[in-house]
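Fold the stuff below for me.
(chains A and B)
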Amino acid sequence: MSKNWPLWEIFVRSKNGLEHRHFGSLHAADAEMALENARDVYTRRSEGVSIWVVESVNITASNPEHNGELFEPAHDKVYRHPTFYELPDEVKHM
Amino acid sequence: MNKKHLFDYIISIADNSLILAQRLGELCGHGPTLETDIAGTNIALDLIGQTRNYYQYAAQIQGEGKTEDDLAFLRLEREYKNVLLVEQPNEHFGYVMGRQFLFDVYHLLFMNELLKSKDETLAAIAKKGIKEVSYHKRFSGDWVKRLGDGTEESNQKMQEAIDELWAYTDELFDQPEADKTMIAEGVAVDTLKFKETYYEEVSTLLKEANLQVPESKYFIRGGKTGVHSEFMGYILSDMQYMQRTYPNMEW
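Below you'll find the model as predicted:
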């Protein structure tokens, strides 16, 4: 049966103020069922306050074969990283 | 206050949830899909959570030093007072959802009334469970609609399930002696108050689901007085096996 059901990506906001994060994926016949399934699969232990579902086909993903050109810049350009600023001690978590 | 009647009344509420949960539990790991499997098992867990509260309270009323487990696992068939509807077998997914739906509509109406019980413990249990039961009804109702309004085959199977299960709906509103005295005390729910609403709600959804509302007036009853269908013995032998083979075993 699940062969016929499309795949959905599930995003859950764990607390008000936080962003929705990707929790996983599941099968469902339509968006409404995806929401119910997501509720049962991911949020039964108070893990979330809001759910988004997106049909997986609507997500455009980068191709792993292109990882080189996309994600591996040359590391000798130190000026790309703001490492030369002196931060005052009062500024935390930078 | 008649303690025996209060005890019987609590047991009859708890047994409905326990036996339905046991039926749903049988499906754990059997799908039909991972998602519906988890959903069904979640509903079973909700129901078992509710029964624990009822049995703990019943054990306390009884005052014989028994525990919730004794009440859940160690009674004889005739001592279980669940309605026949919840012990019906898991013929197929449509049947499971049909059974669930016919029970959930009743269950939610029941819980809404139990909220007003003069018995504070029962009212508190209802308050705690009502959100769960609302979700159960939404879930099973959605599936009845999907299957009824789905393909020709799913419609036919859903219709068969509803036609067969229909005969067990009238018993939901039976009031054995314990119910009657507890209603008079303002403790129990007068189920007749919402019988009409029940059939209206069920019929509305069935029509929405492109299904025929059964017209049969042939109803089967017995569970509420301890006279069960042939399935009950098998359910209990599964359910009681561990406690009877290894007495006092704990999780």
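
any idea which residue sits dead centre in chain A?
For chain A, the residue sitting closest to the mean C-alpha position, by CA atoms, centre = their mean, is residue A:22 at 3.7 Å.

Surely residue B:174 and residue B:220 touch.
No: using CB atoms under 8 Å, residue B:174 is not in contact with residue B:220, being 11.3 Å away. For every residue, glycine as well, the C-beta is placed using N, CA and C.

Looking at those two now, which is surrounded by more residues?
For the pair residue B:174 and residue B:220, the greater number of neighbours falls to residue B:174 (17 against 14), based on other CB atoms under 10 Å in any protein chain shown.

Would you enumerate the residues in contact with the more buried one?
B:191, B:221, B:224 (CB atoms under 8 Å, 6 or more residues apart in numbering or on different chains).

Not counting sequence-adjacent ones, nearest residue to the first one?
Beyond its immediate neighbours in the sequence, the residue positioned closest to residue B:191 (CB to CB, 6 or more residues apart in numbering or on different chains) is residue B:173, lying 4.6 Å away.

Correct me if wrong: that neighbour contacts residue B:190.
No: counting by CB under 8 Å, no contact exists between residue B:173 and residue B:190, whose distance comes to 9.6 Å.

Now do the buried residues in the host helix or strand of residue B:7.
Secondary-structure assignment from DSSP states H and E places residue B:7 in helix B:3-25. Along helix B:3-25, the positions that meet the burial threshold by neighbour count (16 or more other CB atoms under 10 Å in any protein chain shown) are B:5-25.

How about stretch B:119-129?
So, applying 16+ other CB under 10 Å, buried residues of stretch B:119-129: B:119, B:122, B:125, B:126, B:129.

How about stretch B:176-183?
Judged by neighbour count using 16+ other CB under 10 Å, the buried positions of stretch B:176-183 are B:178, B:179, B:181, B:182, B:183.

Then stretch B:80-91?
Within stretch B:80-91, the residues scored as buried using 16+ other CB under 10 Å are B:80, B:81, B:82, B:83, B:84, B:85, B:86, B:87, B:88.

State the next helix or strand along the chain beyond whichever strand or helix holds residue A:10.
Following DSSP H and E, the helix or strand that holds residue A:10 is strand A:7-13. Counting by DSSP H and E, the element after strand A:7-13 in chain order, helix or strand, is strand A:20-27.

What does the pLDDT read for the residue of chain B most remote from its centre?
If you look at how far each residue of chain B sits from its centre, by CA atoms, centre = their mean, the farthest one is residue B:152, at 29.3 Å. Per-residue confidence at residue B:152 stands at 97 (pLDDT).

where does chain A have its least confident helix or strand?
Considering only helices and strands, the least confidently modelled element of chain A by mean pLDDT, DSSP states H and E is helix A:67-71, at a mean of 82.

Return the distance of that one from the chain's centre.
Helix A:67-71 has its C-alpha centroid displaced from the chain centroid by 19 Å (CA atoms, centre = their mean, to the nearest Å).

how about the residue nearest to residue B:98 when sequence neighbours are not counted, what does it touch?
Setting aside the residues directly before and after it, residue B:98 is nearest to residue B:161 in space (CB to CB, 6+ apart), at 3.9 Å. Shown in contact with residue B:161 (CB under 8 Å, 6+ apart): B:91, B:92, B:94, B:95, B:97, B:98, B:99.

The residues you listed in strands, which ones?
Assignment to strands by DSSP state E places none of the contacts of residue B:161 there.

so which of those comes closest to residue B:247?
The shortest approach to residue B:247 among those belongs to residue B:99, at 32.3 Å (CB to CB).

I'd like the distance between the closest one and residue B:84.
11 Å (CB to CB, to the nearest Å).

for residue A:17, same thing?
Using CB to CB, we find residue A:17 at a distance of 50 Å from residue B:84.

And for residue B:38?
28 Å.

At the contact with chain A, which residues of the stretch 101-250 of chain B appear?
B:135, B:138, B:139, B:142, B:146 (CB under 8 Å from any CB of the partner chain).

What is the burial count for the fourth one?
Translated: residue B:142. Counted with other CB under 10 Å, residues neighbouring residue B:142 total 17.

so it is in which element?
helix B:120-148.

Which strands and helices lie in contact with that helix?
Under the contact definition 3 or more CB pairs under 8 Å, 6 or more residues apart in numbering or on different chains; DSSP states H and E, helix B:120-148 sits against helix A:31-42, helix B:34-62, helix B:93-114, helix B:152-166, helix B:195-208.

Now do the very next helix or strand once past the last one against helix B:3-25: the angle between them, please.
The helix or strand immediately downstream of helix B:195-208 is helix B:231-245, counting by DSSP H and E. What separates the directions of helix B:231-245 and helix B:3-25 is an angle of 100 degrees, with axes from the mean of the first three to the mean of the last three CA atoms, to 10 degrees.

Can you give the distance from helix B:231-245 to the centre of its chain?
That offset, for helix B:231-245, works out to 18 Å (CA atoms, centre = their mean).

Can you spell out which helices and strands pack onto it?
helix B:3-25, helix B:68-73, helix B:84-87.

Figure out which of the ones you listed is closest to chain A.
Taking CB to the nearest CB as the measure, the helices and strands packed on helix B:231-245 were each checked against chain A, and helix B:3-25 came out nearest at 12.7 Å.
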